[in-house]
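A.B. asks: This is a predicted model, with the sequence first.
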Amino acid sequence: MKLFNLLVSFLCMISSVSCGVADTDKFERYRSLSRSAPIELNDSSYEEITSKPRDYHVAVLLTAADARYGCILCREFQPEWELIARSWNKGSKPDGLQMLFGTLDFSDGKGTFQKLMLQTAPVLLVFPPTVGPFAKVDDAPLRFDFSGPISAEQLYTWMNRQLPEGPKPPLVRPINYMRLVSGITILMGAVTLFTVLSPYVLPIVRNRNLWAAFSLIAILLFTSGHMFNHIRKVPYVAGDGRGGISYFAGGFSNQFGMETQIVAAIYAVLSFATIALAMKVPRIADNKAQQVAVIIWGSVLLGMYSFLLSVFKTKNGGYPFFLPPF
């Protein structure tokens, strides 16, 4: 009887699966297959790596990266998936937290795709341990479906939320030397171009009249309601109900596209008249010519401001102010 018990213990020790103990050699064997990139799987290796019992996490990306399947998202995400696996395998991990990364392409895993009834790709499955300190009662795999392009940082954040608490290896992107060299080259070219052209460009940039013109145009655009038109998508004009065209919308909270242009033109004429009276007319040496200029620009100022007040009254009949001749 004693000999029989020893024999049973020996058989249990060599057959860990039947005794409910994880096969530690399986993790080491698969980890040795790929120290940095994800493990390339097929139907049989997928079944083995995800079989119970297991004392490690498994993250498997089911994809269809072959060009004949036309999965652009699969091909675009493949480098990001390799970056995640490489960062995890090379980083420092908490004691006892073991994880394998694998990739199962549709070309090598048609049976698995059919078994899981997958109609789209890529799909990520994360299998928790069934034994050990990090084992879960519910050992069903966690699934992440790709609704569109996603970065390695986004997926890695999601994966870390599914893993036990504690520090995780950081996601480290390799230095893109080509982009670095290109950036330095472009910067040096820009500095050289600026140095060569600065004697010609700086006088233009420092021109006060040019900045005044840009500022005035911007002020006219924004005060006339240009941004309102873009935000509200207002119509250009509208019918007046009598077969004609209405250029001004009723109420101060509504406007048409044509109305904005008319108001901007009124503001522009008022601005130029004021500038002329303040800056140009005082420089006229001939007294009579100066008087004529004052009368002309003053009349323009009076007429345009009178027209502006009439526009206000058109938009709202209760507007109390007016100015001749309108």
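C.D. replies: Right, received. Where do you want to start? Residues are numbered from 1 along each chain as shown.
A.B. asks: C-alpha only now, for contacts and for neighbours.
C.D. replies: Noted.
A.B. asks: start to end distance for stretch 311-325?
C.D. replies: 13 Å (CA to CA, to the nearest Å).
A.B. asks: Downstream of the element among helices and strands of the chain having the smallest mean pLDDT, the next helix or strand is which one?
C.D. replies: For the chain, the helix or strand with the lowest mean confidence is helix 2-14, at a mean of 37 (criterion: mean pLDDT, DSSP states H and E). Downstream of helix 2-14, the first helix or strand assigned by DSSP states H and E is helix 24-33.
A.B. asks: what's next to that next one, contact-wise?
C.D. replies: With contacts defined as CA atoms under 8 Å, 6 or more residues apart in numbering, helix 24-33 is touched by 39, 49, 55-56, 100.
A.B. asks: average pLDDT across it?
C.D. replies: Taken as a whole, helix 24-33 has a mean pLDDT of 82.
A.B. asks: So which other helices or strands are in contact with the helix or strand following it?
C.D. replies: Next helix or strand after helix 24-33 toward the C-terminus (DSSP H and E): strand 39-41. Counting contacts by 3 or more CA pairs under 8 Å, 6 or more residues apart in numbering; DSSP states H and E, strand 39-41 packs against strand 99-105.
A.B. asks: List the contacts of the helix or strand following the strand it packs on.
C.D. replies: Proceeding N to C from strand 99-105, the next assigned helix or strand is helix 110-116, under DSSP H and E. By CA under 8 Å, 6+ apart, the surrounding residues in contact with helix 110-116 are 43, 106.
A.B. asks: so where's the stretch 1-150 of the chain shaky on pLDDT?
C.D. replies: Where the stretch 1-150 of the chain drops to pLDDT under 70, the residues are 1-24.
A.B. asks: do the stretch 151-300 of the chain as well
C.D. replies: For the stretch 151-300 of the chain, no range has pLDDT under 70.
A.B. asks: could you pull out the helices for it?
C.D. replies: Remark: helices assigned in the stretch 151-300 of the chain by DSSP state H, counting those that start in this stretch are 152-162, 177-205, 208-223, 226-232, 257-275, 287-315.
A.B. asks: can you tell which of the ones you listed is closest to G250?
C.D. replies: With CA to CA as the criterion, G250 lies closest to helix 287-315 of the helices of the stretch 151-300 of the chain, at 4.5 Å.
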